[in-house]
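Student: Here is a sequence together with a model predicted from it:
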Amino acid sequence: MPETGTRAPRANLRSVLTWSAVAVAGAIAWAVVALARGEEISAVWLIFAAVASYAVAYRFYARFIARRVLRVDDTRATPGERLEDGVDFQPTDKRVLFGHHFAAIAGAGPLVGPVLSAQMGYLPGTIWIIVGVVFAGAVQDMVVLFLSMRRDGKSLGQMARDEIGKVGGFAALIAVFAIMIILLAVLGLVVVNALAHSPWGTFSVTMTVPIALFMGMYLRFMRPGRVVETTVIGVALLLLAIIGGHWVESSSLADAFTWSPETLVFCLVGYGFVASVLPVWTLLAPRDYLSTFMKVGTIVLLAVGVLVSAPTIKVDAVSKFADSSTGPVFAGSMFPFLFITIACGALSGFHALVASGTTPKLIEKESQVPLIGYGAMLMESFVAIMALVAACVIDPGLYYAMNAPAGVLGSTAASASHAVAGFGFTISPETLQSAANAVQEKTLIARSGGAPTLAVGMSQIFSDAFGGLGGKAFWYHFAIMFEALFILTTIDAGTRVGRFMLQDMLGNVWKPIGRVTWKPGIWITSALVVAGWGYFLYAGATDPLGGINQLFPLFGIANQLLAAVALTVATTVLVKSGRLRWAWVTAVPLAWDVAVTYTAGWQKIFSDDPRIGFFAQRDKYQDAIDAGKVLGPAKNMDDMHTVVLNSTVDGVLISVFLILVAVVMLNAAWICLKAVRAGSLPTTETPYVESRIGTLADDPRAGELVGAGGTPGRT
Amino acid sequence: MTGRVAARWRRAVAGVRWYVREISGDADYERHCRRHAREHPGAPAPTRREYELWRTRRREEGPLARCC
């Protein structure tokens, strides 16, 4: 980043004009997005508003944080340079590292939340995704990345322990683990809802397992290290699997691949366990290559598709569910529940785990922190905007027929059409059936979880933009497949991460289980992790009230509570290092995040409305059981008992999360108070070592930077 | 003029190829060999198969960071 002060005046003028133009273009796009009423606007305006805001935020706010708040210093050697070992620590070209970091943070999360949030109209979601990422999400990612980089790549948990204290550190560790379990369960539920009773989807997603195994064998025994070649073969096989699914669906094999949600749950649990205990080269690594390739490819395709087809937005800017608590997709008012529903893409605490793990060990120069930390998160936010667009271009009647709970919609097109009319929208039974026929699914009724809705929206955009190519059905199943692929990758990687955390924690009590090479230890801890998320997944899949609308708020709250932990650590370090005047950069998003998560958590625990409060819901169903009555949508007494059990567990869990994070924050507040009184306190930042990269003519590692060998664009 | 356009295209294709090889890890082995030659001059570099086996074993010992 060259100093603007040293530039020639002409360049300055050009820069001023360019950025003024970007700002004006953004303001016009925002005006169209926000002020259009009673007419359908083009989705392209949303994209413009987003991109212009990102550009301005990156150029000005991210740079301000880097220079003034974090004080990045390119004369200081990064851990990648100091501790270079060619494996964990390795200075990496910033563009390559940006790609790695983006692939690590972005998954199915930004695709699901925005789809559900379309219930409130397109405007609230758009504003939160963009404002949230600029002032909260990207700031969190970037600051945590920086702090971890200044501590040789320490994890968030370790930083919490070192900078806040033992109590806060321990609470943070437990919170991270518990939150991870819920996250995996909810993502699993998205897959289960997308694949249940869909032989096409189930076949093509099942085929990803043998494809990955084949790729693993190929990479290990036939062509070691040829990742690109292997991935190209894998992707070709994957496309064949999608086409094959079409054939399976209309053949006698269809029944063999028509699975109930319960069956899918057991398959997922089994898969998660096997993937966690098998060597990584067999399944996990090759799946990851496939998933990354598909992720980037599909996101690019979607961006091109939206720009080419320029679809119009079919939903209102602000729907009537925004100021009532009666929305069928998720209950509760806009504040706080919209901000809970969209976590990934705006503010995702989970990123703090990635930003404090691998990436900081690979940074080449400190000034690259904004590009990698802030920039990659802006990209994820852009993905969320496109998911929102995809959900908003489909007919609202169809949207509600797909996303309201099954118990409300009933199982026939006529009952669903009637229920949708009750929400104030119209879709005829014939239109509903023909929408299902167009994507060659038996039904689209109550296909909640976000993935099928996104797939319908994407199929519409893709078939408009790219025409032919098998029509909507192919694109629908393509979208389902790639979402399921992302999620399965997150599930197997997440189960492994959980296993390592558990081994680490239990290893303090009983040494052998902490050894990462001791097989029984691996089996026991993997089984425990899988059982944890498997329980919630099963409970969600069989929940009479609809698992997604019960569990998704829990996931959003959990994810953003993790963000509260990350922002607390960040604020504490800023205060401790004598930067109280800049602490608002992380303290303001923290205050907002605490307001959102604690309001939502409070309502989930204490609300009298049984659609919102878990305990109110529990009481309502328990009272009915005592009176011997069955309340819809429960069908029998067993269902009633399930509802009581689930709401109790969910309510207790949310209370535990809130208490754990409160402990972290109180501990941090105490430390900050001490630091303010003393002026500053010592932090665990590693001492300054002068960087030799790019500063000395005899740089010993010249040409050894990852990507430096023959970089065409490098000067 | 056409020569300049062709050169630009060649550079673009080379750039994409470079990026894909870097991000996928295809290029890691060559870098490892250069590093090996620098640190242990004269000693034979590991074969690609040996290097990949060693690298997978390293991966086994840590989690793979993947987010939602």
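Tutor: Nice, thanks for sending it over. Numbers count the residues shown, from 1 in each chain, chains lettered A, B, ... in the order given.

Student: longest helix in the chain, by residue count?
Tutor: I went with chain A, as the question did not name one. helix A:637-678 (DSSP state H).

Student: not what I meant, chain B
Tutor: Chain B, longest helix under DSSP H: helix B:2-24.

Student: so does that one get close to chain A?
Tutor: Yes. Contact of helix B:2-24 with chain A (C-beta under 8 Å from any C-beta of the partner chain) involves B:R11, B:A14, B:G15, B:W18, B:Y19, B:V20, B:R21, B:E22, B:I23, B:S24. For glycine as for every other residue, the C-beta is placed from the backbone atoms N, C-alpha and C.

Student: As JSON lines, those residues with pLDDT would be great.
Tutor: Compiled in JSON lines, the residues of helix B:2-24 next to chain A are given as follows (pLDDT from 0 to 100):
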{"residue": "B:R11", "pLDDT": "96"}
{"residue": "B:A14", "pLDDT": "97"}
{"residue": "B:G15", "pLDDT": "96"}
{"residue": "B:W18", "pLDDT": "95"}
{"residue": "B:Y19", "pLDDT": "94"}
{"residue": "B:V20", "pLDDT": "92"}
{"residue": "B:R21", "pLDDT": "93"}
{"residue": "B:E22", "pLDDT": "93"}
{"residue": "B:I23", "pLDDT": "91"}
{"residue": "B:S24", "pLDDT": "90"}
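
Student: Buried ones only from the residues you listed, please, as a ChimeraX command.
Tutor: If you want just the buried ones from those in ChimeraX, going by 16 or more other C-beta atoms under 10 Å in any protein chain shown, the selection is:
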select /B:18,19,20,21,22,23,24
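
Student: quick one: which of the residues of helix B:2-24 next to chain A is nearest A:L219?
Tutor: Nearest to A:L219, judged by C-beta to C-beta, of the residues of helix B:2-24 next to chain A is B:S24 at 11.1 Å.

Student: so what's residue 48 up against?
Tutor: Using chain A. Counting by C-beta atoms under 8 Å, 6 or more residues apart in numbering or on different chains, A:F48 touches A:A25, A:G26, A:A29.

Student: Switch to chain B, please.
Tutor: A:P224, A:G225, B:Y29.

Student: can I assume the last one is in contact with B:E50?
Tutor: Right, B:Y29. No. The pair B:Y29 / B:E50 is not scored as a contact, 10.0 Å apart, by C-beta atoms under 8 Å.

Student: Those two: which is more packed in?
Tutor: Set B:Y29 next to B:E50 and count neighbours by other C-beta atoms under 10 Å in any protein chain shown: B:Y29 wins out with 21 against 12.

Student: just to revisit the earlier point, which entry within the contacts of B:R48 corresponds to the minimum pLDDT?
Tutor: Of all the contacts of B:R48, A:G225 has the smallest pLDDT value, namely 88.

Student: Spatially nearest residue to it (excluding sequence neighbours)?
Tutor: B:E52 (4.6 Å; C-beta to C-beta, 6 or more residues apart in numbering or on different chains).

Student: For that neighbour, give me its contacts.
Tutor: Counting by C-beta under 8 Å, 6+ apart, B:E52 has contacts A:L219, A:R220, A:P224, A:G225, B:Y29.

Student: Give the other helices and strands that the longest helix of chain B contacts.
Tutor: helix A:94-105, helix A:227-249 (3 or more C-beta pairs under 8 Å, 6 or more residues apart in numbering or on different chains; DSSP states H and E).

Student: what does the shortest one contact?
Tutor: It refers to helix A:94-105. Here helix A:94-105 makes contact (C-beta under 8 Å, 6+ apart) with A:92, A:141, A:292, A:295-296, A:348, A:350-351, A:354-355, A:358-359, A:362-365, A:368, A:371-373, A:375-377, A:379-380, A:706-707, B:19, B:22-23, B:65-67.

Student: Now do the same contact list for A:V594.
Tutor: Going by C-beta under 8 Å, 6+ apart, A:V594 touches A:A564, A:M665.

Student: Need the per-residue pLDDT for residue 17.
Tutor: Answering for chain A, as no chain was given. A:L17 is assigned 95 on the pLDDT scale.

Student: wait, I meant chain B there
Tutor: Note for B:R17: predicted pLDDT of 94.

Student: ok, it - how many residues close by?
Tutor: For B:R17, the count of nearby residues is 14 (other C-beta under 10 Å).

Student: Run the chain-centre distance for the longest helix of chain A.
Tutor: 21 Å (C-alpha atoms, centre = their mean, to the nearest Å).

Student: Between the contacts of A:F48, which sits nearest A:G578?
Tutor: A:G578 lies nearest to A:G26 out of these, by C-beta to C-beta, at 35.7 Å.

Student: Would you mark the buried spots in stretch A:289-305?
Tutor: Those would be A:289-295, A:298-299, A:301-303, A:305, for stretch A:289-305 by 16+ other C-beta under 10 Å.

Student: same question for it, mean pLDDT?
Tutor: Mean pLDDT, stretch A:289-305: 89.

Student: got the contact list for that stretch?
Tutor: By C-beta under 8 Å, 6+ apart, the residues outside stretch A:289-305 that reach it are A:47, A:99, A:103, A:106-107, A:208, A:211-212, A:215, A:227, A:230-231, A:234-235, A:238, A:382-383, A:386, A:390, A:458, A:461-462, A:464-466, A:478-479, A:482, A:485-486, A:488-489, B:24.

Student: again, only this time at 6 Å
Tutor: A:103, A:227, A:231, A:234-235, A:383, A:386, A:461-462, A:465, A:482, A:485-486, A:489 (C-beta atoms under 6 Å, 6 or more residues apart in numbering or on different chains).

Student: Show me how far it is from its chain's centre.
Tutor: Distance of stretch A:289-305 from the chain centroid (C-alpha atoms, centre = their mean) equals 16 Å.

Student: just the CA coordinates of it, formatted as CSV?
Tutor: Once non-C-alpha atoms are left out, stretch A:289-305 reads as follows in CSV (Å, rounded to 0.1, in the frame of the first residue of the first chain):
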residue,chain,number,x,y,z
TYR,A,289,-10.6,-30.3,-3.5
LEU,A,290,-13.9,-31.1,-5.2
SER,A,291,-15.8,-28.8,-2.8
THR,A,292,-13.4,-25.9,-3.2
PHE,A,293,-13.5,-26.2,-7.0
MET,A,294,-17.3,-26.3,-7.1
LYS,A,295,-17.6,-23.5,-4.6
VAL,A,296,-15.6,-21.0,-6.6
GLY,A,297,-17.0,-22.2,-9.9
THR,A,298,-20.6,-22.0,-8.8
ILE,A,299,-20.2,-18.6,-7.2
VAL,A,300,-18.6,-17.2,-10.3
LEU,A,301,-21.4,-18.8,-12.4
LEU,A,302,-24.0,-17.3,-10.2
ALA,A,303,-22.5,-13.8,-10.4
VAL,A,304,-22.4,-14.0,-14.2
GLY,A,305,-25.9,-15.5,-14.2
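
Student: out of the contacts of B:E52, what pair is the most spread apart?
Tutor: Farthest-apart pair in the contacts of B:E52 is A:R220 and B:Y29; separation 14.3 Å (C-beta to C-beta).

Student: Does stretch A:508-522 reach chain B?
Tutor: Yes. Counting by C-beta under 6 Å from any C-beta of the partner chain, contacts between stretch A:508-522 and chain B involve A:V516.

Student: Identify each buried residue in that stretch, please.
Tutor: Applying a neighbour-count criterion of 16+ other C-beta under 10 Å, the buried positions in stretch A:508-522 are A:I513, A:G514, A:V516, A:G521, A:I522.

Student: Next: stretch A:242-252.
Tutor: Within stretch A:242-252, judged by 16+ other C-beta under 10 Å, the buried ones are A:I242, A:G244, A:G245, A:H246, A:V248, A:E249.
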